[in-house]
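> predicted model and sequence below, questions to follow.
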Amino acid sequence: MQWASTFNNRIVKMWRNGFFFCVLSSLCLLVQYTHAQQVTLQGIVRDKQSNEPISFASVIFKKSGKGMLTDSAGNFVFKLTTPAVHDTLVVSSVGYKVWRIAITTIKDTAFIEPLLELLPPSNEAIVRVKYNRALWFWRKIMANKSHSDKKVWKNYAYEIHNKLELDINNIHKEKLSKNALIKPLNFVFDYIDSTSETKPYLPIYLSETLSDYYFQKDPEKIYERIKATKTNGVENESLVKELGGTYQNINVFNNFIPVFDKEYISPFNANADNYYHFKLADTAYMNGKRLVHLRFSGKRKGENTFDGDCWVFDTAFAVQKITLRPSAEVNINFIEGLTLIQEFKKINDTTWFIYKDKFVADIAPIGSGKLGFKGRKTTTYTNIIVNNESTIAQLQKNKKSLQIDVAEDRESYTDSFWTKKRHEPLDKNEITVYKVIDTLNKNPTYIFYRDAIEVLAKGTKDFGNIRLGPWYYWVSGNVWEGGRFRFDIATNRGFSNKWNFSGYAAYGTNDQEWKGKFQAKYLFDRELWTYLQFTYKNDLDNRQIYYDQLGTDNIFATIFRRPNIPFKFQRIEETKMEFFKETGWGLSIGISGNRRRFSPLKNLPAESFFATKTGNPFQTFETAVTLRYAFAEHFIEDNFIRTSFGSLYPVVELKYTKAWQGVFNSTNDYHKLDLTISDYVSLAPYGYFYYNFFGGKVFGTAPYQMLDILPGNELFYFNKYAFNLMHQFEYLTDSYTGFNVEHNIGSGLFRFLPITRKLKFRQFWSAKAVVGSLSDANKAYNFVGNYPYQSLDNNVYMEIGTGIDNILRFFRVDFVWGVSPKSIVTDPARRFGVFASFRLNF
């Protein structure tokens, strides 16, 4: 029976081997089947307004309970064992509406991009406790914010990559495509991105700059070299400088954060606990280190605060990422949504430095939900160095305290260069922008519309090397000239980078006289603005006109003139030679020689009343020296003209003038001194304060045109720089001292009433005063004939005002009261006035 036993053992072994073989085969087949059926669901969770990834959001299947948190870049990936899911994916994050999508089947790999909307402002009760851990945590951040605040460094430098994108949003394709004006551009609708579901948008502009930036704290020096650009049509060098990093620097650790023309209270303000509620939300881990989620919101409606959150390393109390949005009912115009995001990374054992800065704004100029714009700015920082001698060495080469250089070959780089040098690759929307721009710039309809908008906004139009306009001077009128027609022409930089010629001719239908002006300028240096300029003018004298005020030679001035005020007209013939030189540290000097001859025309004393032995009493030759100090003043240049955007510091100007008797038939001999000091001072959170202190004196006897005629206003349009209840030529002085102040408060008292808070009214007050006198000699010389002026005789002329700003987003109404002298206070027609003005503010 041994054979039987052996046979049985073999059978058992074979059976066992076969059994294990079958089991093993089945397992292999099962693994292969399972691998074949495994599918992937992945995506990025984003904020719907800013398109920014949301870190550590919860992503979970409702039925199965399988879930995860997104990583720090908002990514999630699910590996599923069956394509038949039949479940609902739920995405949530603190402060956002819950997002859901039903998923039935998945083929291989699926990608989704949940866009989370912010929850509306809640009126949840604030529970007051004896120990507020969130407030304790905020204080720990404040105690350690020097580790993340770049202001603590003596110097630093980095490379900046800056992207600016502009999209048209809220596009209703069906309506627009039927519009006769838009039909030639219908092909553009093929590029509309509708991934945002309810708000499709069309990307239309993108610029990129790559630059090296250097900063030194004491003394303050800034240097930026813009070495490469893709600006898509922006050729103005001063505008290219705006696209770099110098003028777009936001530090969230400052007490106040500028957003457009407003200043918001930072959540890291030294007194932020007086303005913010803080709340601990949740925790997460990144690279093995715990992050704490801190949320914050404004305590009171209408204050310039933010709602937002930040992720903070819990041991170092260093901010890793912060998101800021203006609080509910904040007083800002044209903004439908706004998000500011900054991210920080560690650069040494104890220091964090910003490495990414993103700003997204939905601009709605014609109303919420209607056609508008979305602007996006993304700035990244690499090659960061702090407290390094190489930074100091570079800044010592500066010609100016704030210097921005633009490389001549900045636009010459290829796409392969940008692919290599960008800190982050372009996303699909940014790639689309370049396709759209390339297509539009070849379309004649688009080019026509673009040029027409530019002409309306700037008032001028270039034809080759010639510039025509501004158009708003073409037609105006007054009682002396009747209808006035004017034509302006100038050369542009296509003609020459050094020489500029400009002028105008004007004709009045009533006086039937030609007037005009010719000007030639040679520009020696654009960086340190230096020029020599010759001007000849023969026209009516409009006195001094500021760039943001109405002059009489303007079509709009005719509409706003107040009734029952006698017109005063005189003509001026002026020949002037001027040299101007700017230094690198805020000081500039101007030297001029100026021959002027006045001819009174209406309601002013004529030359026959002024006895002189040598010739025309209204003819003078003056030389003047002007010293002006404006540290780090910001300018925009256009065709040989610079417009100041102000300085963060006071601007001081001193001018000395000497009249030379006998030179160029001058009959006058006098000296003049004039001094002004002005500044805009931030009083955040209580708005800003403007002041201008001024004074001057004339030494000698001269006709009224050469003395100081206090600035009056004869329009219903408010003049910021003049006395609005005063008439022109009303007060004559040879010695004066005064001030002009205005406090723009913002919402002020209006934020306490729901209706005025909704209307976004803004509050302000102003005061202007001057003390002036006229010597006995100048009184005797000038109080002749039909003179309209008088002397203040060392009395105070003063006006105070208040009113409502931001009416319908564009208009301001000023209520002005005359306080002194007595002649103003006792005259019912003069002691109070209402004035209107138009302004564009965010």
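It's in. Numbering: from 1, shown residues only.
> going forward, measure contacts between C-alpha atoms and count neighbours the same way
Noted.
> now do the buried residues in stretch 435-452.
Across stretch 435-452, burial judged by 16 or more other CA atoms under 10 Å covers V436, I437, L440, Y446.
> give me the secondary structure label for the closest residue to the third one other than its chain neighbours.
Counting by CA to CA, 6 or more residues apart in numbering, L440 lies nearest to Y446, which is 6.2 Å off, once chain neighbours are set aside. In terms of secondary structure, Y446 is helix; the call rests on DSSP: H, G, I helix; E, B strand; the rest coil.
> helices and strands of the chain: which one bottoms out on pLDDT?
Within the chain, no helix or strand scores below helix 2-37, which has a mean of 40 by mean pLDDT, DSSP states H and E.
> beyond that one, next helix or strand please.
Once the chain leaves helix 2-37, the next helix or strand it forms, by DSSP states H and E, is strand 39-44.
> average pLDDT for that next one?
Mean per-residue pLDDT for strand 39-44: 86.
> same check on stretch 229-245?
71.
> so for it, first residue to last residue, what's the gap.
For stretch 229-245, the first-to-last residue distance is 13 Å (CA to CA, to the nearest Å).
> would you mark the buried spots in stretch 599-612?
S599, P600, L604, P605, A606, E607, F610.
> restricted to strands, list the residues you listed.
S599, P600 (DSSP state E).
> any chance of a markdown table for the buried residues of stretch 599-612, columns pLDDT and distance to T40?
Formatted as a markdown table, these follow (pLDDT from 0 to 100; distance: CA to CA, whole Å):
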| residue | pLDDT | distance to T40 |
| --- | --- | --- |
| S599 | 93 | 87 |
| P600 | 93 | 88 |
| L604 | 92 | 88 |
| P605 | 93 | 92 |
| A606 | 91 | 93 |
| E607 | 88 | 94 |
| F610 | 87 | 97 |
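> closest one of the buried residues of stretch 599-612 to H277?
L604 (65.0 Å; CA to CA).
> all strands for the stretch 701-842 of the chain, in order.
708-709, 732-733, 735-746, 762-773, 796-807, 811-820, 832-838 (DSSP state E, counting those that start in this stretch).
> typed the wrong thing, it's the stretch 1-150 of the chain
Going by DSSP E, counting those that start in this stretch, the stretch 1-150 of the chain shows strands at 39-44, 46-47, 58-61, 67-69, 75-80, 84-92, 99-105, 109-112, 115-116.
> quick one, which of those strands is packed in tightest?
strand 115-116 (a mean of 24; mean count of other CA atoms under 10 Å).
> just the residues contacting it, thanks.
V45, R46, D47, K48, N51, S92, Y96, K97, V98, W99, S196 (CA atoms under 8 Å, 6 or more residues apart in numbering).
> roughly how far apart are the fourth one and E336?
Using CA to CA, we find K48 at a distance of 13 Å from E336.
> ok, so of the contacts of strand 115-116, who is nearest F664?
N51 (68.7 Å).
> please tell me how far the closest one sits from E799.
Separation of N51 from E799 (CA to CA): 51 Å.
> of those two, give the one with the bigger neighbour count.
E799 (24 against 15; other CA atoms under 10 Å).
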